[in-house]
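Trainee: Below is the sequence, then the predicted model.
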Amino acid sequence: MGLSNYHNNQTLWTEVLPGGHHWSGRIQKGALLQFKALSAHANVSLFCVHADDKLERFNMPDSLKGQHTAFLSTGNVLYSDLGRVMASIVTDEHGWNDTLCGASRPEQIKKQFGTRTFQDARNQMYQSGVDGLLVEMAKFSLNQSDLSATVNLFSKVAPDATGKLSYVTADNTDQIVELRFQMDCLVFLSAAPHALDSSASYSPADIQLSLFKANPLSESDICRDACPQNQRAFANNARYYALSSI
Amino acid sequence: MTVLQNFEKTVLSEVCPAGEAWMCEVKKGQYFRIIDLEGNQAVDTLFISAENPSERYSATDTLAINQYIYLEKGTTLYSNVGRPMAIIHDDNCGRHDTLGGACSCESNSVRYAHETYPMHSCRNNFMYALAKHPIAQKHGLNVRHIGPNINFFMNVPVTAEGALKFEDGISAPGKYVEIQAKMDLIVLISNCPQLNNPCNAYNPTQIQLVVRDSEEA
């Protein structure tokens, strides 16, 4: 990948989120979090809430209907349930991030892959998306009531003409997704397999996380100006941050 | 002319006026029917476990477990811990939505215009019920218990390419949907007041709600 238009190409920090494992952190407005899949079979279930008011959370239906899409990709944004933009998807080399299926449940992982506990396998244990997210959310005193639909980065789930949903596999090796944050967020991640992952073995990709300082939005922004709805949602952010620069 | 439906073993039969919030409790095994009395009315519906309100209807679990994007007769509705909450026992509408969520003044400001913010919305109905309804108070419900809902009688086709459309309702006067509860449920409804798109055919109307015991009870 060449130089980015969306950040200054200077990594503020980087670390590897091993496949199956989970992570959380506060990502500030104006930061860009890059996800790079380090092998073929990646999924990152992402949930986020407003860091200063944790009851404001990512709202999947509002994001889909506002942008007239059943998935999120480059040019789309994540709306909160208060009509504001939480993050902008400025780069998506996979081309489809599922929002329909949530994070994988322990029963789904067990059914597809069997069980491997810590006692069996130490840190190679099989983890589910939901349990990983709940562990991270509990650190901020959030629980099951606060967890809603996730964005499943690097995962494609599409309906056929009758409405049947299928997981579409792809080689995610070296693919990059970049989220530019438009408000301070608590971000919760699990790199466990997708709920509908039909692989024979539990082999979720490691994910390289890298943080950058985002460039200011140019006159025509790939996400803000993708549709009038996004322009109005950015205007709602500007109202919220009326006393500071956006 | 509006025709109310009548059943044996009815324990509750009420009419919810256009645009209002409504709540009830449904016991495990009971049937809960929503009747679109005048047609093309979206009914935004949440099911919450009466035993433990942190367990609630989950659109994502329902989609992932069923691997099917629409709700139809025979569809099991799952909770956020993956348990069956209810099954769609009967239906003569054909298809219901669980992707579109509830309208809100905030999302209206994004979808239509900032000037639509004062218009009545489903999320405001949910908040009104949380603030005022005795059933919500009895169970200690608050905004954390509200998740993506079901839109009964709403038609939101999704294409294989992932496009999502809001189309005219496929419902009509007298169409109904009936679930059977698989656990004790709290039902929270907003009889959708949206006037900015065709989900209510630009004319929100009243609905009938019926709870009845099963034939065996």
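Mentor: Thanks, I have the structure now.
Trainee: what about the residue nearest the centre of chain A, which helix or strand?
Mentor: In chain A, the C-alpha closest to the average C-alpha coordinate belongs to A:Leu46, at a distance of 3.6 Å (Cα atoms, centre = their mean). Assigning secondary structure by DSSP states H and E places A:Leu46 in strand A:44-50.
Trainee: now A:Leu209
Mentor: With the criterion set as DSSP H and E, the secondary-structure element containing A:Leu209 is strand A:207-213.
Trainee: Show the average pLDDT along that strand.
Mentor: Per-residue pLDDT over strand A:207-213 has a mean of 98.
Trainee: neighbouring contacts of that strand?
Mentor: With Cβ atoms under 8 Å, 6 or more residues apart in numbering or on different chains as the contact definition, strand A:207-213 has outside contacts at A:4, A:7-17, A:19, A:23, A:27, A:30-38, A:42, A:44, A:189, A:191. In short, each C-beta sits where N, CA and C put it, glycine included.
Trainee: That one to strand A:44-50, inter-axis angle?
Mentor: With axes from the mean of the first three to the mean of the last three Cα atoms, to 10 degrees as the criterion, the two stretches strand A:207-213 and strand A:44-50 enclose an angle of 40 degrees.
Trainee: Quickly run through the sheet partners of strand A:207-213, with directions.
Mentor: With DSSP bridges as the test, strand A:207-213 is paired with strand A:13-17 (antiparallel), strand A:31-37 (antiparallel).
Trainee: Is any residue of the helix or strand harbouring A:Gly132 near chain B?
Mentor: Taking DSSP H and E as the criterion, the element that holds A:Gly132 is helix A:129-138. No. Helix A:129-138 lies out of reach of chain B by Cβ under 8 Å from any Cβ of the partner chain, never closer than 8.5 Å.
Trainee: Could you tell me how far A:Arg180 is located from chain B?
Mentor: 18 Å (Cβ to the nearest Cβ, to the nearest Å).
Trainee: so what's that residue bridging to?
Mentor: Here A:Arg180 shows beta-bridge partners A:Leu32, A:Ser88, assigned using DSSP bridges.
Trainee: Quick check: longest helix in chain B by residues?
Mentor: With DSSP state H applied, the helix covering the greatest number of residues in chain B is identified as helix B:122-132.
Trainee: do the same with chain A
Mentor: In terms of residue count, the longest helix belonging to chain A (DSSP H) is helix A:228-240.
Trainee: Is the closest residue to A:Gln144 other than its chain neighbours in a helix, a strand, or coil?
Mentor: The shortest distance from A:Gln144 to any residue that is not its chain neighbour, by Cβ to Cβ, 6 or more residues apart in numbering or on different chains, is 5.0 Å, and that residue is B:Ser54. When the structure is reduced to helix, strand and coil (DSSP: H, G, I helix; E, B strand; the rest coil), B:Ser54 reads as coil.
Trainee: so A:Arg84 touches A:Asn237, yeah?
Mentor: Yes. The pair formed by A:Arg84 and A:Asn237 meets the contact definition of Cβ atoms under 8 Å, at 5.0 Å.
Trainee: Common neighbours of these two, please.
Mentor: When contacts are counted by Cβ under 8 Å, 6+ apart, A:Arg84 and A:Asn237 are jointly contacted by A:Gln182, A:Met183.
Trainee: need the contact list for A:Leu72.
Mentor: Taking Cβ under 8 Å, 6+ apart as the contact definition, A:Leu72 lies against A:Ser63, A:Leu78, A:Ile89, A:Asn97, A:Thr99, A:Val151.
Trainee: Nearest to chain B among those?
Mentor: Distance to chain B, by Cβ to the nearest Cβ, is smallest for A:Thr99 among those, at 8.1 Å.
Trainee: In terms of helices and strands, where is the residue of chain A found nearest chain B?
Mentor: Residue nearest to chain B within chain A (Cβ to the nearest Cβ): A:Pro61, separated by 2.4 Å. Of the helices and strands defined by DSSP H and E, A:Pro61 is found in helix A:60-67.
Trainee: What is that helix packed up against?
Mentor: strand A:77-79, helix A:228-240, helix B:59-66, helix B:105-111 (3 or more Cβ pairs under 8 Å, 6 or more residues apart in numbering or on different chains; DSSP states H and E).
Trainee: Just give me the neighbour total for the residue of chain B found nearest chain A.
Mentor: For chain B, the residue closest to chain A is B:Gly101, as judged by Cβ to the nearest Cβ, at 2.4 Å. A count of neighbours around B:Gly101, defined by other Cβ atoms under 10 Å in any protein chain shown, yields 27.
Trainee: Where does the prediction get shaky in chain A?
Mentor: A:1-2, A:245-246 (pLDDT under 70).
Trainee: sorry, that was for chain B
Mentor: Of all residues in chain B, those with pLDDT under 70 make up the ranges B:1, B:217.
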